[in-house]
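**Q** What shape does this take:
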Amino acid sequence: MYSTWIAPSSEAVLVLLAMVLWLFNHAYQGIYHDAVIYSVFASRWLDPAAYSSELLFRYGSQDDFSIFSAIYGSLGRLVGLDAAAQAVVLGGGGLWVLASLTLARSMFRPIWQVALAVLICAVIKFSYSPNFGTFTFNENFASPRSLSIPFAVLALAAFLARRHAIAAMLTAISISLHPLLGIWVPLLAFSRAVSTKWLCITTLLLLATTFAGSMTFGIELLQVMDSVWIDAVRETTPNEVFLGGWGVLRLPDILLACGILWLAGRIGSTKNRELFLRLCLLTVAAIFGAQFCSYFWPIQLAMQVQPWRVLWLAELLAVFAVVDLLGVAALAGRRYLLAALGVSAVAWGVPEARPLIPFLGLALLCIEQPRRLLDQQLDFFAARPILTWVVGGGLVLILLPNYWISLELRGHEVLAGWMPDIPAAKGFLIMGGEGLFLLLLGFGLQNCIGRWIIFAVSLPLLVVALNLWDVRGESFRRKEGDFLLTRSVSWASGLPINRGDIVVWRDQRLAIWLVLRASVYAAPEHVVGSVFSRARMVEAKRRLERVSISALPAGIDMTDRVSALAHVHRGIVAAGSNVGNLLSYGRGAVSEPGIFYLCQDQILDWIVSELPRAGKVSGLRFDPGPSYGGIQYLFDCRDFRRRGQVDG
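**A** Numbering: from 1, shown residues only. Below you'll find the model as predicted:
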């Protein structure tokens, strides 16, 4: 008989344990990935004039629809961007643990089920992107996703508890942080509130309205993207907007999540069945719509809303569905636990078969003869305990080799230099042993002695985890410590660069944005999110091509754009990249002739280079330190144009 009363002490120890595991599994690595863009958004919120010329904001941005920059910027003004970024990530992790606990309590009663769900949420880091691993759970950098997803989970828990006012408030917070993620919880709540008939009618009306708006009324957001725009977005952000084809789309993972939700909706606990079934239906509809729009009807609104983002909710609740099915098997007795062990052996022995397992389970439910045969076999084993142990042991032996390999692979992902370099031990103790160690911890929380032991071990580990959480090197810490937002660092204070000026400095866009508080001429971030603005994509392409041309050696006529771009394209192909991918451009160091060439663009104000001279013009020498490449030279493009040397 399993304990179903969750004492406050159990919850406190569980939260403590979950935070320890979260800290060890999601080490802080600094301002990278999307944290770069959101840091610029926060800086702009504090000082809009400094970014009046910045391409990120010229044609609008996603920041216009989020309150995250106000939160992040306000925190950055108080403690500096470096500390603010860490606070957002750490606060988001704590909120995520509390949200997963709240959701687990609303869905399960046994302590071990609640603990298992929460601890899995603490360690998971798998992707919910449709193609590759762009977006993952528990991201270790500051973004609105760090806060929006936990608030959405809290809203879902409130909906399940029928606290609709609280759910509406939490949903509003989640949507105001990240609309594309927060919208899925109210859509799921709506799908549960109406019958299947009215859900289908509503979906058809929505499609008809969209089609009419696109074909009849000429609404711009409902117009189809043109081929130039589509090609640029497909090549530059292949993982984020358009769903890929066979071999690119993460179809096995999507099928596995949908299959688990469907199976749990049929044989899971009565309390949660409808939730799983409705989410399965919503996910299938969203993925089908995203795939249809990706290949046949790429209207702007659909590609910008990105319906595939439902996967964050589907994959999260698929985890809860597995926990739910384990609870059903535990209540059904030894015969179904043996079946669960057999399924695990197949899943780990033949990984390619995993997406098929829930659908085979559904087939057994629907076809009477195989189901009856399975029940007979399970009854046969249930009546013979010794045989059950023998077969169970055999299944464990089948499972063990692949399980050990999985532990080692997981262990290599752990950034825990303080532990002995035994990957399997790291995979078991830090990453949860593919759920087995987490399950044992869940059972340990069911009694007073177990709780005291876990508490006594977790408390000092929390101190250790907090001290080791920041894994950045010392040079990166110093560099990101310069991102103060409210005052200049010593090396930047004497430079003549004004707020709002546009600057080229190879590989130092963060220094331009967050130290100099100026605008970047061309950066990879300018093309990220290009699905939201065709005009920004075109201008970013023009600038990136110019920067690539400026890196060509002397002797090439840079003013002959066609010939110069041909040289650039050959270099991109030789590097193994695609010329259609805008992220392949703008990587080389500006050459001496390139300084003259870039300054022909009237919008450019400054170029920072390692070259001390360009023709007869000497650069202004300054030393930002080794973190920025050592001694640099600053060239004023307006001075070049005044001197009439731009043809040099």
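**Q** Going by C-alpha atoms from here, please, whenever you check contacts or count neighbours.
**A** Will do.
**Q** Strands of this protein, residue ranges please.
**A** Under the criterion DSSP state E, strands of the chain are mapped to 502-505, 519-520, 606-609, 613-614, 617-618, 620-622, 632-636.
**Q** Of these, flag the one that's most buried.
**A** Across the strands of the chain, the average number of neighbours (mean count of other Cα atoms under 10 Å) peaks for strand 519-520, which reaches a mean of 27.
**Q** Can you tell me the strand partners of it and which way each runs?
**A** Its sheet considered, strand 519-520 pairs with strand 502-505 (parallel) by DSSP bridges.
**Q** quick one: average confidence on the strand it pairs with?
**A** Averaged across strand 502-505, the pLDDT comes to 96.
**Q** ok, now stretch 539-549?
**A** When pLDDT is averaged over stretch 539-549, the result is 95.
**Q** Which among the strands of the chain is found nearest to G92?
**A** For G92, the closest of those is strand 519-520, at 29.4 Å, according to Cα to Cα.
**Q** For the chain, which residue occupies the most central location?
**A** Among the residues of the chain, the one closest to the centroid is F135, at 2.4 Å (Cα atoms, centre = their mean).
**Q** tally of neighbours for I422?
**A** Residue neighbour count, defined by other Cα atoms under 10 Å, stands at 11 for I422.
**Q** which ones are touching it?
**A** G411 (Cα atoms under 8 Å, 6 or more residues apart in numbering).
**Q** quick one: it and L399, what's the gap?
**A** For I422, the distance to L399 under the criterion Cα to Cα, to the nearest Å works out to 20 Å.
**Q** again, but for Q29
**A** When Q29 is compared with L399 (using Cα to Cα), they lie 35 Å apart.
**Q** I'd like to know the predicted local confidence at Q377, please.
**A** Checking the pLDDT column for Q377, the value is 67.
**Q** So what's the residue count around A523?
**A** A523 sits with 26 neighbouring residues when counted by other Cα under 10 Å.
**Q** does it really touch R509, like I thought?
**A** Yes: with the criterion set as Cα atoms under 8 Å, A523 and R509 qualify as a contacting pair; they are 7.1 Å apart.
**Q** correct me, but A318 touches L261?
**A** Yes: if you go by Cα under 8 Å, A318 and L261 touch, sitting 5.6 Å apart.
**Q** of these two, who's got more company?
**A** When A318 is set against L261 and neighbours are counted by other Cα under 10 Å, the residue ahead is L261, at 31 against 24.
**Q** What does the pLDDT read for the residue nearest to that one when sequence neighbours are not counted?
**A** Leaving aside its sequence neighbours, L261 sits nearest to F276 (Cα to Cα, 6 or more residues apart in numbering; 5.0 Å). The predicted local distance difference test score for F276 is 96.
**Q** The one 3 residues further on too?
**A** pLDDT recorded at L279 is 96.
**Q** same check, this time on L360
**A** L360 is assigned a predicted lDDT (pLDDT) of 81.
**Q** Quick one: neighbours of it, just the number.
**A** Should you count by other Cα under 10 Å, L360 turns out to have 13 residues around it.
**Q** and the gap between it and A257?
**A** Here L360 is placed at a distance of 14 Å from A257 (Cα to Cα).
**Q** for the residue nearest to the centre of the chain, what are its contacts?
**A** Contact partners of F135, counting by Cα under 8 Å, 6+ apart, are 127-129.
**Q** most neighbours, which of the residues you listed?
**A** Counting neighbours by other Cα under 10 Å, Y128 leads the contacts of F135 with 24 neighbours.
**Q** thought that one was touching F137?
**A** Yes: with the criterion set as Cα under 8 Å, Y128 and F137 qualify as a contacting pair; they are 7.3 Å apart.
**Q** Now list whatever residues contact both of these two.
**A** By Cα under 8 Å, 6+ apart, Y128 and F137 have these common neighbours: W312.
**Q** mind giving me CSV with the contacts of F135 and columns for distance to I120 and pLDDT?
**A** Formatted as CSV, the contacts of F135 follow (distance: Cα to Cα, whole Å; pLDDT from 0 to 100):
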residue, distance to I120, pLDDT
S127, 14, 87
Y128, 15, 89
S129, 19, 88
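**Q** which of those lies closest to Y51?
**A** The shortest separation between Y51 and any of the contacts of F135 is 31.0 Å, and it belongs to S129 (by Cα to Cα).
**Q** Leaving out the residues flanking it, which one is nearest to that closest one?
**A** Leaving aside its sequence neighbours, S129 sits nearest to F135 (Cα to Cα, 6+ apart; 5.4 Å).
**Q** That neighbour and E315: what is the separation?
**A** For F135, the distance to E315 equals 12 Å [Cα to Cα].
**Q** can you check D560 too?
**A** Between D560 and E315 the distance is 51 Å, computed by Cα to Cα.
**Q** the more surrounded of those two?
**A** Counting neighbours by other Cα under 10 Å for D560 and for E315 shows that E315 has the greater number, 23 against 9.
**Q** right, and the more buried one touches A257 too?
**A** Yes: counting by Cα under 8 Å, a contact exists between E315 and A257, whose distance comes to 5.7 Å.
**Q** Pull the contacting residues for the closest residue to I607 other than its chain neighbours.
**A** The shortest distance from I607 to any residue that is not its chain neighbour, by Cα to Cα, 6+ apart, is 4.7 Å, and that residue is V504. With contacts defined as Cα under 8 Å, 6+ apart, V504 is in contact with 520-522, 604, 606-608.
**Q** If we use 10 Å, what do you get?
**A** Residues near V504 by Cα atoms under 10 Å, 6 or more residues apart in numbering: 512, 519-523, 547, 590, 595, 598, 604-609, 634-635.
**Q** Please apply the same query to G594.
**A** By Cα under 10 Å, 6+ apart, the contact list for G594 reads 546-554, 558, 600, 614, 648.
**Q** Drop anything exposed from those.
**A** Buried residues within these, counting neighbours by 16 or more other Cα atoms under 10 Å: 546-552, 558, 600, 614.
**Q** Just the closest of these to Y585, please.
**A** Using Cα to Cα, S548 is the member of these that lies nearest Y585, at 5.7 Å.
**Q** What ranges in the stretch 151-300 of the chain fall below the confidence cut-off?
**A** When residues are selected by pLDDT under 70, those of the stretch 151-300 of the chain lie in 213-218, 238-239, 246-247.
**Q** now do 80
**A** By pLDDT under 80, the low-scoring segments of the stretch 151-300 of the chain are 195-200, 202-204, 206-222, 237-240, 244-248.
**Q** all helices for it, in order.
**A** Counting by DSSP state H, counting those that start in this stretch, one finds helices in the stretch 151-300 of the chain at the ranges 164-177, 179-182, 184-193, 196-215, 227-236, 251-267, 273-295, 300-305.
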